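J.: Sharing a sequence plus its predicted fold:
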Amino acid sequence: MNNKDFIAELALRTGYAQTDAQKLVNALIEGMGDSFEAGENVSLAGFGTFEVKKRMERVVVNPSTGLRMLVPPKLVLGFKPNASIKEKLKNGGEANA
């Protein structure tokens, strides 16, 4: 499902116009982005939790030259799905459950 399909489905389910649904999605994404920049996790009930994790610095080796380089620490975004979502995926989706 691409963004256009998602907006159309959201508009259909909520009864909003597609332009209003697009504004809602943009506001949600912007708010989540602000939380991630602040280092905060975002939990969506019934869906899962987006977590900001810190990757420690590490040494990597270039296999062709043997040169060792230090990769600095960085923040990465992870996702932990809700238990019900995990179960649906494990069973092959709702249609097969």
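T.: All right, it came through fine. Residues are numbered from 1 along each chain as shown.
J.: contacts and neighbour counts: CA atoms only from here.
T.: Will do.
J.: Could you identify the longest helix within the chain?
T.: Secondary structure of the chain per DSSP state H: the longest helix is helix 18-37.
J.: packing partners for that one?
T.: Identification of packing neighbours for helix 18-37 by 3 or more Cα pairs under 8 Å, 6 or more residues apart in numbering; DSSP states H and E yields helix 3-14, strand 42-44.
J.: go again using 10 Å as the cut-off
T.: Applying 3 or more Cα pairs under 10 Å, 6 or more residues apart in numbering; DSSP states H and E, we find helix 18-37 packed against helix 3-14, strand 42-44, strand 48-55, strand 74-81.
J.: Note down every partner strand of the second one and its orientation.
T.: What that stands for is strand 42-44. strand 48-55 (antiparallel) (DSSP bridges).
J.: from the helices and strands packed on helix 18-37, which stretch is densest packed?
T.: strand 48-55 (a mean of 16; mean count of other Cα atoms under 10 Å).
J.: Could I get the buried residue list for the helix or strand that comes right after that strand?
T.: Per DSSP states H and E, strand 48-55 leads on to strand 58-61 as the next helix or strand towards the C-terminus. In terms of neighbour count (16 or more other Cα atoms under 10 Å), strand 58-61 has no buried residues at all.
J.: Touching the helix or strand just after strand 58-61 from outside, list them.
T.: Downstream of strand 58-61, the next assigned helix or strand under DSSP H and E is strand 68-71. Strand 68-71 is contacted from outside by 55-62, using Cα atoms under 10 Å, 6 or more residues apart in numbering.
J.: Right, I'll leave it there.
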